[in-house]
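J.: output the structure for:
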Amino acid sequence: MEEKIIGIAGNPNTGKTTIFNALTGSKQKIGNWPGVTVEKKEGEYIYKDIKFHVVDLPGTYTLLEESEDQKIAIDFLTRNKVDVLVIVADALNLERSLYLLVLLSELHKNIIVDLNMVDLLEKEGIDYDIGHLEKLLKVKFVKTIGNRNIGIDDLKEEIYRNCKEKRDEYLEFNYGAEIEKLIAEIINNLNFSSAYPLRFVALKILEKDEKFIKSISNLIDYEKINQIIFEIEKKCGKSIDRILIEKRYAIIHGIVKECIILKKRGLKFELTEKIDKILTDNLTGPLIFLSIMFLIFCIVFSIGNPIQNLLELTIENFRKFLSYFHLPIWLDSLIKNGIISGVGSVISFLPNIFLYFLFFSILEDTGYIARAAIVSDRLMHKLGLHGKSSIPLILSFGCNVPAILGTRTLEDKKDKILTCLSIPFMSCSARLPIYILFTGIFFIKYQSLIIFSLYLLGLIIGILSMKLFGHIFFKYESSPLIIELPPFRMPYWRNVFIDSWMRTKYFLKKAGTIIFSGSLILWFLSYFPNPSKYGTEFNWIGKIGNLISIPLKTSGFGFWQAGVALIFGIYAKELVVSTFGTLFGTGNLQDVLKGYFTPVSAYSFMIMSLLYMPCIATFWILKKEIGFKWALISFFWSLLIGWISSTLFYQIFIFLKGG
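T.: Got it, this is the predicted structure:
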């Protein structure tokens with residue numbers, strides 16, 4: 001069977017990956033590009049008599065190497081043989097996508113433009129004369145709605161047709177007499193055979209692409225060419241690369257203006273502009289962001305808590321039901337105190353976890369997350385921090401691991417390191433069961449407010465840590481955040497619920513594997529060597545806990561069970577709750593914890609759980625992304641900050657109360 005290679009390219013946030021998924025379905029694999037940690041997605045599909053190998057390239061706006069992932073995309077686009085290149089364009093931001101098309105056309109690539117999200121165009125009362133666009137740009141256009149699989153068959157047919165038909169006509173812009181004369185002169189001075197079109201080489205030289213020029217420096221008389229460029233720039237009063245950019249955008253703007261069909265001014269578009277001014281305003285933006293987060297917590301607990309109570313009652317009744325079987329003492333203890341108390345104590349928080357993921361998915365799907373990133377970016381610039389770090393920090397509220405992977409988009413290694421060091425302080429969903437447990441016991445009337453304060457504390461500590469390490473280890477300079485603001489839209493509910501369920505399913509999988517195995521280990525250490533003294537300091541678990549509990553006394557929870565819970569929390573944060581469930585498995589966990597904690601020490605314990613040591617998965621991904629040295633720094637720094645913060649809170653509160 002004939003085989004072809006397809007590249008999926010485009011700007012970030014145009015729906016590239018959605019199109020990739022629609023083309024390949026489940027026949028895909030995820031790995032890393034050779035020698036780097038940037039994710040590589042490949043897939044395949046068969047259409048008619050051809051097997052297509054599809055590569056989802058990192059998003060890029062230009063062919064200039066400004067980050068690790070952009071370098072990979074550019075290397076693939078310029079050096080690899082691609083039979084068809086699909087440029088996924090955002091229908092509402094066509095001009096920006098066409099800039100990349102122009103650059104790739106200069107490489108004489110076989111290109112198809114996928115005009116994605118055309119449903120948004122229709123809502124805004126906008127359309128394009130596709131036939132005229134194709135005539136002016138010398139490429140085929142296909143309309144799609146990627147998240148609904150609309151137009152995908154048309155795209156497959158167009159890809160197939162492009163593979164079968166030989167193309168001999170490519171788009172070439174006329175940059176004006178002066179520039180065209182300069183291009184011709186440079187081509188005449190290129191006395192070597194090139195894998196690239198000579199016009200493309202000449203334009204790269206005019207753009208002053210240092211890396212490209214360096215790669216061919218021994219093949220050209222660059223001093224002579226540079227002198228010609230200098231004379232032109234002196235005459236024009238601006239740099240040639242700037243002139244090229246302006247010319248391209250001017251021509252693109254003219255083409256789009258000529259081909260656009262305005263049926264009516266979209267009221268939704270006007271409304272989005274007005275809402276954006278409020279949501280990204282210096283004053284109202286942060287207030288709205290904090291209000292939304294607080295409101296989410298209020299809704300999560302008002303809806304989730306009754307369901308949680310029902311689950312707890314069901315689990316407790318199941319424990320009682322098992323008593324009728326008269327199992328051997330050790331097996332009865334293993335099932336009730338080990339498995340049910342450990343895993344069940346975490347599973348009971350499932351409704352709250354699902355609702356948390358649900359609202360986070362809604363914020364992503366509506367386009368609000370991009371606005372939140374801009375709001376936090378401004379705050380970071382006031383602190384002298386990197387603007388782009390705001391996106392991974394927001395994502396880390398879901399899980400620290402993918403947030404750390406998200407730092408791959410940061411251009412500079414030092415920026416990536418500093419962001420990675422701050423992420424473990426963010427309240428991921430694994431910490432949520434700890435908060436729910438303690439606030440449900442000691443702060444039931446103010447549950448949402450207390451948990452909100454912990455999220456805020458983690459964010460503040462993370463940002464301050466980033467700033468501190470920036471001053472200590474690096475000469476740190478901030479750079480602006482450039483982010484696509486997608487239009488506001490109603491969430492696509494099927495995607496929202498699937499995404500929420502997949503994240504909850506992952507949480508359940510952890511409960512069924514990591515938490516289950518951790519609960520068994522805990523039960524074993526709690527049961528032996530004295531089965532009659534289960535969960536006491538006379539067994540192995542108590543001896544371990546007594547050693548750990550010594551420095552915890554200053555924080556208000558200097559008993560061995562708390563020490564053991566924190567140790568197992570390094571394995572997985574959810575194990576903190578299941579550890580208490582296993583150690584205090586003989587009674588109602590909430591009633592038991594009231595005898596060990598006060599509201600002050602409970603909040604102190606939550607501070608410690610928030611800030612101390614990242615879990616094993618986070619530590620491993622830190623090691624992989626920024627190296628073992630920085631992972632160790634994160635490990636011990638967070639432990640120190642967690643202990644200092646919880647101790648200061650407890651001691652200051654006790655002092656003030658005593659005074």
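J.: what about the stretch 51-200 of the chain, any weak spots by pLDDT?
T.: Applying pLDDT under 70 to the stretch 51-200 of the chain picks out residues 64-71, 191-193.
J.: all the helices of it, residue numbers only.
T.: Ranges of helices in the stretch 51-200 of the chain, per DSSP state H, counting those that start in this stretch, are 68-79, 94-105, 118-123, 130-137, 152-164, 177-188, 198-206.
J.: show me the one of these that comes nearest residue 426.
T.: helix 68-79 (22.6 Å; Cβ to Cβ). C-beta here means a position set from N, CA and C on the backbone, and glycine is covered the same way.
J.: hmm, back to that, just put the helices of the stretch 51-200 of the chain in CSV and tack on mean neighbour count and distance to residue 325.
T.: Listed next are those as CSV, based on neighbours: other Cβ atoms under 10 Å; distance: least, Cβ to Cβ, whole Å:
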stretch, mean neighbour count, distance to residue 325
helix 68-79, 19, 57
helix 94-105, 21, 65
helix 118-123, 17, 58
helix 130-137, 15, 70
helix 152-164, 17, 55
helix 177-188, 15, 86
helix 198-206, 21, 77
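J.: could you dump these into a markdown table with distance to residue 355 added?
T.: Shown next, in a markdown table, are these (distance: least, Cβ to Cβ, whole Å):
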| stretch | distance to residue 355 |
| --- | --- |
| helix 68-79 | 33 |
| helix 94-105 | 36 |
| helix 118-123 | 28 |
| helix 130-137 | 43 |
| helix 152-164 | 33 |
| helix 177-188 | 58 |
| helix 198-206 | 52 |
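J.: looking at these, which is nearest to residue 407?
T.: Short answer: helix 68-79, nearest of the helices of the stretch 51-200 of the chain by Cβ to Cβ, at 10.5 Å.
J.: what's the closest of the helices of the stretch 51-200 of the chain to residue 300?
T.: Here helix 118-123 is closest among the helices of the stretch 51-200 of the chain (Cβ to Cβ), at 30.1 Å.
J.: export that closest one as CSV, just CAs?
T.: This file holds the C-alpha atoms of helix 118-123, laid out as CSV (Å, rounded to 0.1, in the frame of the first residue of the first chain):
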residue,chain,number,x,y,z
VAL,A,118,-16.4,28.0,10.8
ASP,A,119,-19.4,27.7,13.1
LEU,A,120,-18.1,30.8,14.9
LEU,A,121,-17.9,32.6,11.6
GLU,A,122,-21.6,32.0,11.0
LYS,A,123,-22.6,33.2,14.4
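J.: so what does it touch, helix or strand wise?
T.: Here helix 118-123 touches no other helix or strand, going by 3 or more Cβ pairs under 8 Å, 6 or more residues apart in numbering; DSSP states H and E.
J.: and that helix, how far from the chain's centre?
T.: Chain-centre distance of helix 118-123: 27 Å, with Cα atoms, centre = their mean, to the nearest Å.
J.: stretch 435-450 now?
T.: How far stretch 435-450 lies from its chain's middle: 29 Å, per Cα atoms, centre = their mean.
J.: what's the domain layout of the protein?
T.: Listed by automatic domain parsing, the domain ranges of the chain are 2-164, 177-262.
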